[in-house]
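**Student:** Below is the sequence, then the predicted model.
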Amino acid sequence: MRQTEALIVERTVLGPGYYYYRLLCPEIAELAKPGQFIEIKVSSEGTLDPLLSRPISIYRIDRKEGSLAVIFKTVGRGTRRIAELKMGNQVSIFGPVGNGFTLPEETGRIALIAGGIGMPPLFSLAEHYPERDFTLFYGGRSAGDLLGLEAWEKLGVPYRLATDDGSAGFHGLVTALFEKEYEARPFDYMIACGPKPMLRAVQQLAAKYRLPGALSLEAYMACGVGACLGCTCVTTKGYKRVCVDGPVFDISEVAFDE
Amino acid sequence: MRQTEALIVERTVLGPGYYYYRLLCPEIAELAKPGQFIEIKVSSEGTLDPLLSRPISIYRIDRKEGSLAVIFKTVGRGTRRIAELKMGNQVSIFGPVGNGFTLPEETGRIALIAGGIGMPPLFSLAEHYPERDFTLFYGGRSAGDLLGLEAWEKLGVPYRLATDDGSAGFHGLVTALFEKEYEARPFDYMIACGPKPMLRAVQQLAAKYRLPGALSLEAYMACGVGACLGCTCVTTKGYKRVCVDGPVFDISEVAFDE
Amino acid sequence: MNESMQVEIAGLTLKNPLLPASGTYGYGREYLPFFTPDLFGAVVTKGVSVTPWVGNPPPRVYETPSGMLNAIGLQNPGVERFIAEALPFLEPYRTPVIVNVVGKTIEDYVAVVERLNDFPVVSGYELNISCPNVKEGGIAFGTQPDCAFQVTAAVRKATRKPLIVKLSPNVTDITAIAKAVEEGGADAVSLINTLLGMAIDIRSRKPVLGNVVGGLSGPAVKPVALRMVYQVYKAISIPIIGMGGICSAADALEFIMAGATAVAIGTGMFHDPMQPQKILDGIREFLKDENIGSIAELKGIAHD
Amino acid sequence: MNESMQVEIAGLTLKNPLLPASGTYGYGREYLPFFTPDLFGAVVTKGVSVTPWVGNPPPRVYETPSGMLNAIGLQNPGVERFIAEALPFLEPYRTPVIVNVVGKTIEDYVAVVERLNDFPVVSGYELNISCPNVKEGGIAFGTQPDCAFQVTAAVRKATRKPLIVKLSPNVTDITAIAKAVEEGGADAVSLINTLLGMAIDIRSRKPVLGNVVGGLSGPAVKPVALRMVYQVYKAISIPIIGMGGICSAADALEFIMAGATAVAIGTGMFHDPMQPQKILDGIREFLKDENIGSIAELKGIAHD
Ligand SMILES: Cc1cc2nc3c(=O)[nH]c(=O)nc-3n(C[C@H](O)[C@H](O)[C@H](O)COP(=O)(O)OP(=O)(O)OC[C@H]3O[C@@H](n4cnc5c(N)ncnc54)[C@H](O)[C@@H]3O)c2cc1C
Ligand SMILES: Cc1cc2nc3c(=O)[nH]c(=O)nc-3n(C[C@H](O)[C@H](O)[C@H](O)COP(=O)(O)OP(=O)(O)OC[C@H]3O[C@@H](n4cnc5c(N)ncnc54)[C@H](O)[C@@H]3O)c2cc1C
Ligand SMILES: Cc1cc2nc3c(=O)[nH]c(=O)nc-3n(C[C@H](O)[C@H](O)[C@H](O)COP(=O)(O)O)c2cc1C
Ligand SMILES: Cc1cc2nc3c(=O)[nH]c(=O)nc-3n(C[C@H](O)[C@H](O)[C@H](O)COP(=O)(O)O)c2cc1C
Ligand code: FES
Ligand code: FES
């Protein structure tokens, strides 16, 4: 983990409310692994509000350039402030944070299940393991919420899309789409990142099909380094910190409430 | 008084820490008088810190263009945030606030005494009364703190400079410079704006020479509209609000402590 | 549209649940360039005492992170000039006028209320019991349940108009004070007043405020205010006017969901004088978006 | 240079006046990527209880204007695992270690202290008396002078190591509590702990925190913390560790001028993990600029 002033070397608006930034931060890029995240400071000098940094997953790691790319959605005041930053600006970040993904030696066919803005860490994973057999299931509200498809194409990872409104791909839940495909041709491993209801459904599917796998979780964070115990989630082994014990957990380990 | 989103149509860095902005705000320019000020919001959308607007004097009023100009110095986080605004940005302001200057019918020779960033309101006054006989006494730490001299020249107002370090004009206090000149050729009226110690000295000179005149004061402000009673100064008639009972007070009325 | 915004508090019907917080809106005149008193569900005046109070020496206000300190010292011209100047100004508006009352003794409070009882433009009172009680060594009325009870009961006897008591947050147990004033006969409570705070100028090495300490208000205190409203809602059965850091419709809704019937904006107006209008618009929009018939339905809903 | 930064507190000599606030720095390990425990004048650990505490259900933290709420619930592995894991980690550093102690009964506190007394790496204790006293219906020890006195006196008897008592700000009169713990035998006090607050999610219409209420910290509370340090400095003669919203060298200096001998940073580290280093550098620079020989000279100077 390092703290640095990263230079914004690329900024692209991917769609309404969706942003792509490439950040020059060699010390952090050097250490980064797929599934980890960075903490981005959202207040400028001279203001103490918003006070806390925002966790954003690493989308791409370019060690050669010494850069990291992120994709995020503006949902509140913090992400909106990041979106105001321009190419050439500096932004204070620290990272990489978290355990990241660790794939078992043998995984066979891997289903990546992304819900909305949960896609980015799965991309860094797929890019990191070009030899593995990934299939992406990517769900969103609408066609406009499904980002970076060209990049997935380039990577050669097949993808299946699902939207709530039917504007792209399957009309319905991404988990239903996965099930359909699974029934036709099974998977051996599943990794999911997205909203809680989706993760819960994925966990149920994993149980149903007895599949191993991993979930990447989100939580409100304060320190982002494991010190404050603020970001805990409930697991079968008690409370764990999402920031450093996660954000990636074994699929059977996470205990969803209700 | 009006609230509006003013468009920044000109932004000039006058020197290290000194900024000139011209703001398009026809509703406010329409109403503005010399000696009044505007309140500038310094926090952007989505942050509540700094919370309060900053009072900045009106330097020039251009009714035809519908614009106001201001000059300010960055001293803390609020002014630094204003300085970050670029041409073409909008900024939330309200005003004009305050009583402004009212010159008696007959004033004879008027001494304007400016200390540092107290100069701007005096300029708007001089520009407003081209027929009056003004002389500017302008003091600052160093030559670099004396701003907009060309504009004074253009206006045809003679000026005398004083600096603490002797880097421009008289080496010493602006009030000493005034006294020297006064002894040579008396003034009939004096108007001052600047730091408290200077204003106190000016008041003493006014008493000594029995000169009428006015002082423009500063105070920490909260509402900026006269409602909170937060900005009071001590006068011979009790506490008065700097924001709306001032910022201009009769020179004999202000009671300085100690 | 206004039906959905209407609330009842202390026997008054307010066309909307937004009030100005006492002391931040003067007697209403100063904000005329931005809006009239009729914007609010009711006007709450700056504190009025029986004789004029000069207030504290400057500096009186200072900005803090997402908040501000004030030590105005309840400067006000006294009840007679209030009657002569403020009431005629407020009279023509249709909005109920709640007079905030301050005093140094119980008799002070009673005297103000008795003097104002016969003015029909005065719709009710809000007792500011954060004032120091000179007979009890300067400890604020609002920090001891028995003092809070006594001043409330004494004023209750002096008026049949709606009586709101404004609680100080600088206490170990706000519910004890709330219960005491309910017992004393208050028709409603308002909370919170400011938290006692201070600031030091490290260059001069002195406290910034002329009065050394002052009251902290603004968004910084919102979490504390909200918690107190939530606790008091469970403890008493009279309505609550919630305030402390409200700067947006979302903030106002949080207070209502915590149990407030109405809310007040103070420091938020300093942040942006157009904020009251924006808050009302924002609440209306929320009700529409969420398909809620009346703001009253949301009261205390966070307790369910 | 360090001489000028040196302070004495509760019999300990600290090379500089900056400490981490308990609970924000874990047991020191997590911030190693940014700095080692030796950066601080002393390390203050996260609270340690006699048996493991699981803590509160999530969500546990939430951002508020210039501040944050936390309801961690003092999750900690208990004193035995603390001894097994945290002490060996801290041992090699040269900085004094102050163990923050939590409990639900007086006996709990005493048991932790007795268990730790023989470890030389433990330089002293900080009692967190904001914990609910289960024998007194869950009211926090730190909100009643007599409870505060009792727990302090009991622990005092159990140890000769430096004893710091950490005060809760959720009280009517902080000086009464400070005096009680001074009388109970405390060598120093630290303040403030967090202000009780809450937040509501208006979409779900529910409190955000799993525990409903939580502790407010960060710059938002600084004015309240500073006022309490200022008041307590006048009331007692043992030294004060000041904290609450410190985010800059100027903030730290304000606390010292208000009367604190040392200061702690908590939430400010979350704002920026490099803040502790910046604060130390900033204080040194201030001393140089203002030609001050030792930070100790500034202690309480705002009272003059
Ligand atoms: C490990 C991790 C990785 C993430 N990766 C991405 C990503 O790659 N792209 C992306 O768009 N978003 C990502 N998020 C979510 C992102 O952090 C939130 O959308 C963001 O913090 C919202 O901040 P805000 O100020 O805009 O919203 P607000 O709702 O105003 O934030 C208020 C508070 O809630 C917190 N918060 C709000 N939503 C979330 C959330 N979902 N998770 C955690 N904290 C939240 C904020 O940090 C802040 O403290 C990730 C979250 C985590 C925990
Ligand atoms: C009527 C009036 C007219 C002014 N005109 C000008 C002008 O034309 N050009 C210019 O450069 N400055 C002017 N000032 C001073 C200017 O308002 C302050 O420099 C500015 O508010 C400082 O804010 P800050 O956040 O940068 O500094 P900080 O010191 O960080 O501010 C902290 C707080 O103190 C207040 N504050 C600090 N210094 C002053 C001050 N001198 N007067 C009032 N409040 C202060 C701020 O508003 C804020 O609330 C004027 C002040 C007043 C009252
Ligand atoms: C400048 C100022 C003056 C105030 N004067 C009074 C007053 O006269 N009487 C009173 O009961 N409360 C007074 N208050 C407290 C407010 O009414 C309100 O309770 C408090 O500020 C919290 O709300 P806010 O955060 O929205 O400002 C004052 C507050 C401020 C900021
Ligand atoms: C996440 C978090 C956890 C905390 N845990 C403890 C604790 O275990 N024991 C304690 O005495 N104080 C605890 N505190 C209080 C802090 O030590 C400190 O008193 C308070 O946060 C004010 O300082 P700050 O504004 O610098 O954070 C905690 C604070 C935070 C934010
Ligand atoms: S955010 Fe502090 S432990 Fe995870
Ligand atoms: S700033 Fe409120 S009365 Fe002047």
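**Tutor:** Great, that's in hand. Numbering: from 1, shown residues only, chains lettered A, B, ... in the order given. Ligands and ions are numbered 1, 2, ... in the order given.
**Student:** which residues of the chain score low on pLDDT?
**Tutor:** With no chain named, the answer covers chain A. Residue ranges of chain A with pLDDT under 70: A:258.
**Student:** that's the other chain; I wanted chain C
**Tutor:** C:1-3.
**Student:** residue in it nearest to ligand 3?
**Tutor:** Ligand 3 sits closest to C:Gly23 of chain C, with a gap of 1.8 Å, by Cβ to the nearest ligand atom. No exception for glycine: its C-beta is placed from N, CA and C like everyone else's.
**Student:** Now for the closest residue to that residue other than its chain neighbours, how many residues are close by?
**Tutor:** Leaving aside its chain neighbours, C:Gly23 sits nearest to C:Lys46 (5.0 Å; criterion: Cβ to Cβ, 6 or more residues apart in numbering or on different chains). The local packing of C:Lys46 (other Cβ atoms under 10 Å in any protein chain shown) involves 27 other residues.
**Student:** isn't there a helix covering C:Lys46?
**Tutor:** No. With DSSP: H, G, I helix; E, B strand; the rest coil as the criterion, C:Lys46 is coil rather than part of a helix.
**Student:** any idea how far it is from C:Pro219?
**Tutor:** C:Lys46 sits at a distance of 22 Å from C:Pro219 (criterion: Cβ to Cβ, to the nearest Å).
**Student:** Same check on A:Ala69?
**Tutor:** Where C:Pro219 is concerned, A:Ala69 sits at a distance of 34 Å (Cβ to Cβ).
**Student:** Same drill for those two, tell me which one is more crowded.
**Tutor:** More neighbours surround C:Pro219 than the other of A:Ala69 and C:Pro219, with 28 against 23 (other Cβ under 10 Å).
**Student:** which residues touch the more buried one?
**Tutor:** A:49, B:48, B:51, C:66-67, C:245, C:247, C:251, C:267-268, D:64-66, D:220 (Cβ atoms under 8 Å, 6 or more residues apart in numbering or on different chains).
**Student:** what does stretch A:145-158 rub up against?
**Tutor:** Looking at what lies outside stretch A:145-158 - Cβ under 8 Å, 6+ apart - the contacts are A:14-15, A:18, A:20, A:59, A:71, A:112, A:116, A:119, A:123, A:126-127, A:130, A:134-136, A:138, A:140, A:159, A:161, A:163, A:168-169.
**Student:** thinking C:Ser237 is in contact with C:Lys179, fair?
**Tutor:** No. Between C:Ser237 and C:Lys179 there is no contact under Cβ atoms under 8 Å: 10.1 Å.
**Student:** Looking at these two, which has the bigger crowd around it?
**Tutor:** Neighbour tally, C:Ser237 and C:Lys179, criterion other Cβ under 10 Å: the higher count belongs to C:Lys179, 18 against 6.
**Student:** Quick check on the nearest residue in space to A:Arg200 that is not next to it in sequence: phi, psi?
**Tutor:** Leaving aside its chain neighbours, A:Arg200 sits nearest to A:Phe256 (4.6 Å; criterion: Cβ to Cβ, 6+ apart). Dihedral angles of A:Phe256 (phi, psi; degrees, to the nearest 10) stand at phi -80, psi 140.
**Student:** Which single residue of chain C ends up nearest ligand 4?
**Tutor:** Closest point on chain C to ligand 4, by Cβ to the nearest ligand atom, is C:Pro65, at 10.6 Å.
**Student:** burial of that residue, as a residue count?
**Tutor:** Using other Cβ under 10 Å: C:Pro65 sits among 28 other residues.
**Student:** Check the spacing between it and C:Lys222 real quick.
**Tutor:** From C:Pro65 to C:Lys222 the distance is 13 Å (Cβ to Cβ).
**Student:** next one: C:Ile295
**Tutor:** Distance from C:Ile295 to C:Lys222, by Cβ to Cβ: 19 Å.
**Student:** who's more crowded, the two?
**Tutor:** Taking neighbours as other Cβ under 10 Å, C:Ile295 and C:Lys222 compare with C:Lys222 leading, 31 against 24.
**Student:** any idea which element that one lies in?
**Tutor:** C:Lys222 belongs to helix C:222-235 when assigned by DSSP states H and E.
**Student:** Flag every buried residue along that helix.
**Tutor:** The neighbour-count check on helix C:222-235 (16 or more other Cβ atoms under 10 Å in any protein chain shown) flags C:222-233, C:235 as buried.
**Student:** before we move on, what about stretch C:159-170?
**Tutor:** Buried-residue list, stretch C:159-170, by 16+ other Cβ under 10 Å: C:Thr159, C:Lys161, C:Pro162, C:Leu163, C:Ile164, C:Val165, C:Lys166, C:Leu167, C:Ser168, C:Pro169, C:Asn170.
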